[in-house]
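K.L.:
just to be clear, the model below is a prediction. Sequence and coordinates:
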Amino acid sequence: MGKLKRRKNQKARVNPLSRTPGSGPALQDPKKDETTRQTKIIPLLNKLKSSPPNEKSMALGAITVLCEDERMRKMLLKEKLVVTIFESCLTDNNDEIVVESFGLIRNIGIEEGLDVLKHFWRLDLWKHITDGLNKIQTSYKHVITNGPGKDKSKVQLLYDFTENILSLVMVLAGGSNDLYDSIFHQIDPILSLVFDLISNQRNEKSSLRITTKLFNSLLEFIYEFSTESDEFIAKLNQESFELGPIIEHVESHPNQYNELTLTYVEGLKFNYGGSNGYQLGESILNNIYQILSNINLQDLASHIKLANSIPTKDKTMDDITKEGNATLHSKTQLSTLEVSLDLITSILEFLSVNEETALEGEPIQLPPSLVDTLLNKTYPILTELFKFELANQYMLMLTNKILVSLNNLVWLILSTENLPVEWFEKSNEIWTMILQTSFEALDLQKISLNILWGIAKCLGPEVPKNEAMITSLVTKGQELKSAEIKDEAIDVYQSLVGLLGTLAVVVDNTALTAQISQFLFESIDTFKTFANPLATEIVIESFNQIYDIFGDKDFAYDTEIFVQLNYLSKLRQLEPEMKALYKKIDKNKYGQLKLRAEEVWINLGRFIQYKESERL
């Protein structure tokens, strides 16, 4: 119920190294904006339209830097930056300008999202990508046949061009299902390029050795598409694009590559699966642990601080060289952490719904060795990263991913047949860490509540009793309910209902249990009228929690609350309303939701009968 899958289509990865002092949204100042427009924006755009190659390239570089700042990027876009790039840069005869232009287009797509990506597509970006691919393929054939030559800068430019094209395609495909489908049906030439380059890298006799950075980009392309789509995996299988030799090559040359390469290989192993899900998951989690054990978080923090410490305008060439080296290394490690967290999240989700589980709803029987890996390798990874984020003002910007992984770990352990003894101490530690945080973002609030909910179900009566926290959660729910509640807030509210309902049974405080039960009935009254599937989920969860709270007349609080507050009468009044709610759900659109709502309505009738006969 509380498990969260890895979020799909998240190609726009957050980059802590892109931040500069004072960057980000700023208060609008029309006078200042107009001055900036006249003195900086317009002259730069004019240089893109008709300038000598050197000036054009310098203007493009300056615009790329400016686009890292949201205010400047918005101003540039308002002045038709995108159209200018398409008309004056992507078709330029200078290869360096074309390569830089693709990189800028990619960066804008990452920052601005779907609307701008659609605009790119309408401007026929795919034709430019296809033309670029043809140039790239021709260049590689020449280099492989004749050798890279003495001018290393030309080969590096070719590598940069390849990376920019591949990453742009991934950003586009991540924009929407429609964009993904359009790209998927035209992806064969890109796949051929990717696998040809990997095949050449595996050929010991080849005169061309691509950089680890480009090799990682090739692996990332396969990993990301195979993560998003089973169709992509089937396509590779049908067209004999073999992954086995790639994995074997990397694992037999570990010193030739870096931690990110190894992580992508683990991701490919997972995406392409195997017959023994538990064994595969355990193997990958163990390997991820080994990979991440080699990352020194304190060193990484120092590199990030170095990259962000000097304002761009004050940097010397020596600063830029030092920053470049530190940034490349740090980006690799940050990407390794990010991909690893995504992979851990996916594996934990996979293990919780693995087909090896006997029946739906039955406890999962994890092998002892896998449980040991989860508790003594995966758990320490996640908690160490979370503690680091807390101690360093969320410097890595990975808090969401860490919490999602922790959440899936909590709910996976909860679903096992026997809770490991060691889990009680570890779950208490997570509980304490979560309570030390205070997130404004609703998505982080939801995940945190989900984690606490899962732990409360694990620990039962042993859960830490914090009356002030419970009261504040009820207050939080009432505030959300009284506001103009939106879908994201409804999501948070559902997690609140689950956590509070679970705590109501074990809090050992009749007044608090009464307060929570009243909150649940109020939640039903509020959300039963919403024509919204998320609101219906809240109604369903509220009823289920009520069934659990008052499932036995021998509970110490049952008489004082259920009987004296006349809850039976309230349930009788709600029974026809729940029936009407379930009947209104469109089974074609929300089939599973309708089934759950029907189950709650049937159980409501049975629960009423049970409570009526309980004290006879």
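P.N.:
Yes, it's here.

K.L.:
backbone phi and psi for Gln365, please?
P.N.:
With angles defined as degrees, to the nearest 10, Gln365 sits at phi -110, psi 90.

K.L.:
what's around the residue nearest to it when sequence neighbours are not counted, how many residues?
P.N.:
The shortest distance from Gln365 to any non-neighbouring residue, by C-beta to C-beta, 6 or more residues apart in numbering, is to Glu417 (5.2 Å). Yep, even glycine has a C-beta here, placed from its N, CA and C like the rest. Here the count is done by other C-beta atoms under 10 Å, and Glu417 has 9 residues near it.

K.L.:
so where is the protein shaky, pLDDT-wise?
P.N.:
Along the chain, the model assigns pLDDT under 70 to residues 1-29, 274-275, 307-326, 354-361, 483-484, 616.

K.L.:
show me how far stretch 591-599 is from its chain's centre.
P.N.:
Stretch 591-599 has its C-alpha centroid displaced from the chain centroid by 28 Å (C-alpha atoms, centre = their mean, to the nearest Å).

K.L.:
what lies in contact with that stretch?
P.N.:
The contact list for stretch 591-599, computed with C-beta atoms under 8 Å, 6 or more residues apart in numbering, reads 533, 536-537, 539-540, 578, 581-582, 585-587.

K.L.:
generate a ChimeraX selection restricted to the buried entries among those.
P.N.:
Buried residues among those (16 or more other C-beta atoms under 10 Å), as a ChimeraX selection:
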select :533,536,537,539,540,578,581,582,585
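
K.L.:
the helices in the stretch 501-616 of the chain, which residues?
P.N.:
With helices called from DSSP state H, counting those that start in this stretch, the stretch 501-616 of the chain shows them at 510-527, 533-549, 558, 567-584, 591-614.

K.L.:
could you dump those helices into CSV with distance to Lys40 added?
P.N.:
Compiled in CSV, the helices of the stretch 501-616 of the chain are given as follows (distance: least, C-beta to C-beta, whole Å):
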stretch, distance to Lys40
helix 510-527, 51
helix 533-549, 45
helix 558, 71
helix 567-584, 57
helix 591-614, 53
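
K.L.:
His253: which of those is closest?
P.N.:
helix 591-614 (46.9 Å; C-beta to C-beta).

K.L.:
any idea how far the closest one is from the chain center?
P.N.:
Chain-centre distance of helix 591-614: 36 Å, with C-alpha atoms, centre = their mean.

K.L.:
with stretch 149-159 instead?
P.N.:
35 Å.

K.L.:
buried stuff in it?
P.N.:
Those would be 155, 157-159, for stretch 149-159 by 16+ other C-beta under 10 Å.

K.L.:
just stretch 201-213 next, same as before
P.N.:
Buried-residue list, stretch 201-213, by 16+ other C-beta under 10 Å: 201, 208, 210, 213.

K.L.:
and for stretch 473-491?
P.N.:
By 16+ other C-beta under 10 Å, the buried positions in stretch 473-491 come out as 473-474, 476-477, 480-481, 485, 489-491.

K.L.:
quick check: the farthest pair among these?
P.N.:
Greatest spacing in the buried residues of stretch 473-491, by C-beta to C-beta: Val474 and Asp491 (18.0 Å).

K.L.:
thinking again about what came up before, how about the helices of the stretch 501-616 of the chain, which one is nearest Ala234?
P.N.:
Here helix 591-614 is closest among the helices of the stretch 501-616 of the chain (C-beta to C-beta), at 25.7 Å.

K.L.:
what angle do helix 533-549 and that closest one make with each other?
P.N.:
Orientation of helix 591-614 against helix 533-549 (axes from the mean of the first three to the mean of the last three C-alpha atoms, to 10 degrees) gives an angle of 30 degrees.

K.L.:
ok, for Ile434, nearest residue in space, not its chain neighbours?
P.N.:
Here the residue nearest Ile434, using C-beta to C-beta, 6+ apart, is Ser448, at 5.2 Å.

K.L.:
so the one you found touches Leu403, yeah?
P.N.:
Yes: using C-beta atoms under 8 Å, Ser448 makes contact with Leu403 at a distance of 6.5 Å.
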